[in-house]
Structures are given as C-alpha cells and as structure tokens.
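> sequence isn't available, so here's the structure alone:
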C-alpha cells in the first residue's frame with residue numbers, strides 16, 4: 001500500500017547557527033563546512049536506492065532565504081526546469097538523479113520571524129526579558145517573539161501548507177496499491193530549524209507548548225508520514241529505510 005512522505009531538510013551550517021544566534025530575516029551564507037556537509041547528505045540520502053528518491057517527489061518547497069536555497073542546490077537534484085532563483089554559488093554541482101518535481105519558493109516555510117530577538121541567543125533573550133519584568137524564562141513555543149511572530153501566527157501559515165500538501169499530493173494516492181500507476185507523491189521541504197520543528201508538531205496536530213521538544217541539526221533530514229496508510233493518522237517517522245529493488 002502507498003504511504004507518501006514529507007522530507008524536512010534544515011539548511012546547512014552558518015556562522016549564526018554555530019553561535020546560537022536566532023536567524024530569521026537575516027540572510028547569511030553557509031559556512032564552507034556547512035556546504036561540505038550538505039553535499040555529503042545529498043550523496044548519502046538522495047538517489048534511486050536512498051531515503052529520498054527523486055523520481056518519487058511530487059513537489060519541492062524551499063524557503064525564500066538564500067541559505068535554504070543554497071542547501072537545495074547542493075543536494076544535487078536533476079531538476080527539469082530552471083530554479084526559481086539565481087544560483088547562489090559559483091555554479092551548480094554536477095547534475096544528480098533526475099527529478100520532475102516543481103520547485104516552489106514560499107513564504108509559508110520561511111523561518112520564524114524573531115522580531116526584536118533577531119541576531120541574539122536564547123540566554124541573551126532571557127536576560128533581556130528578566131530586566132523587562134517577565135517572571136518566566138522565555139520559551140519561543142509559548143511566548144513567541146516581541147516584534148515578530150507569535151505561536152498562533154506560525155500555526156496559521158503552517159496549517160495552510162500542510163492542508164495543501166495533503167489535498168494536492170497525498171490524498172490522491174494514499175492507501176492505494178503500489179502496483180497501480182500512481183503519480184509521485186512525496187514532498188521535500190528545505191527550510192530552517194524552528195519552522196521545521198514547528199511543522200513537525202503541527203503535522204501531528206500538536207500545539208507548540210505541548211511539545212515534544214524536537215531537534216533538527218543544521219543540514220539534518222527528518223521524515224513525516226502516516227500510520228496504517230491513512231491520511232487521518234499523520235505520524236512522525238523516527239527512522240526511514242533506503243529503497244532497494246526486489
């Protein structure tokens with residue numbers, strides 16, 4: 001039976017991700033090591049016999065931020081159409097496994113808008129809030145960001161894109177025999193740490209403050225799917241296997 005998936009890819013390492021600074025609208029490049037690690041991820045996880053099978057992708061969403069777009073470039077998919085942005089590196093890597101999915105840049109999966117907390121670390125934010133008279137330690141999942149987005153703001157835009165994914169690509173194929181002539185249905189999202197962790201929670205209909213506290217390393221890959229081949233039972237896939245022939 002067919003059970004489509006969503007792959008979540010966090011952009012590669014930047015100087016700010018290394019230092020713990022909150023990076024929302026600030027557009028800074030990947031480090032050299034970040035680029036190297038993303039290339040390694042692409043070699044290990046993308047291919048006809050790998051976790052992410054390009055020919056099974058129906059659609060690809062990429063954040064408007066250059067660090068996410070460069071990460072997608074380095075994953076090395078053989079996309080049919082030109083990318084919807086000017087290439088950020090000197091050149092694209094060698095053309096990888098063929099993929100007919102359309103690449104879409106969308107604001108719905110941009111990073112959380114940190115507002116007044118842009119460019120500073122969690123300990124610094126908590127110290128600022130303490131001086132402002134807040135009693136509780138700052139928790140983005142509960143408190144959001146002054147001058148930026150609240151948990152409700154982020155929930156609204158993520159629920160919108162989750163609905164789109166399920167209606168457009170997952171509902172038409174889920175639960176049907178794999179032997180049937182079905183269109184590709186997997187979806188790839190390349191974005192950022194907080195927004196992808198938030199996406200995973202909304203995927204399984206959890207409020208942010210309910211947890212659990214997911215982590216996704218820079219350049220890391222996560223997988224979402226469904227239980228029992230049912231679109232009414234979304235699930236987090238803790239470990240996915242590679243595809244192999246009979």
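Received, thanks. As the structure is a prediction and not an experimental result, all values here were calculated from the model.
> shaky segments in the chain?
Filtered on pLDDT under 70, the chain yields the residue ranges 91-94, 243-246.
> cutoff 80 now
89-95, 179-180, 211-213, 240-246 (pLDDT under 80).
> ok now the helix or strand containing residue 69, how far from the chain's centre?
Assigned by DSSP states H and E, residue 69 falls within helix 66-75. Distance of helix 66-75 from the chain centroid (CA atoms, centre = their mean, to the nearest Å) equals 12 Å.
> all strands of this protein, in order?
Per DSSP state E, the chain carries strands over the ranges 6-10, 57-62, 78-79, 98-99, 102-105, 186-191, 221-226, 234-237.
> turn those into TSV, including mean neighbour count and distance to residue 156.
Every residue, glycine included, has its C-beta placed from N, CA and C. Converted to TSV, these look like this (neighbours: other CB atoms under 10 Å; distance: least, CB to CB, whole Å):
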stretch	mean neighbour count	distance to residue 156
strand 6-10	25	19
strand 57-62	22	17
strand 78-79	17	30
strand 98-99	17	30
strand 102-105	16	19
strand 186-191	26	16
strand 221-226	20	19
strand 234-237	16	18
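> dump those strands to JSON lines, plus distance to residue 43.
Listed next are these as JSON lines, based on distance: least, CB to CB, whole Å:
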{"stretch": "strand 6-10", "distance to residue 43": "14"}
{"stretch": "strand 57-62", "distance to residue 43": "17"}
{"stretch": "strand 78-79", "distance to residue 43": "14"}
{"stretch": "strand 98-99", "distance to residue 43": "15"}
{"stretch": "strand 102-105", "distance to residue 43": "20"}
{"stretch": "strand 186-191", "distance to residue 43": "16"}
{"stretch": "strand 221-226", "distance to residue 43": "13"}
{"stretch": "strand 234-237", "distance to residue 43": "21"}
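> of all the ones you listed, which one comes closest to residue 206?
Among the strands of the chain, the nearest to residue 206 by CB to CB is strand 234-237 (9.9 Å).
> direction included, what does that closest one pair up with?
With DSSP bridges as the test, strand 234-237 is paired with strand 221-226 (antiparallel).
> compute the inter-axis angle for the partner strand and strand 6-10.
Angle of strand 221-226 versus strand 6-10, following axes from the mean of the first three to the mean of the last three CA atoms, to 10 degrees, is 160 degrees.
> what residues does strand 221-226 touch?
3-10, 41, 45, 51-52, 170, 174, 196, 200, 203, 214, 216, 233-237, 240 (CB atoms under 8 Å, 6 or more residues apart in numbering).
> at 7 Å instead, please
3, 5-9, 41, 45, 174, 196, 200, 203, 216, 233-237, 240 (CB atoms under 7 Å, 6 or more residues apart in numbering).
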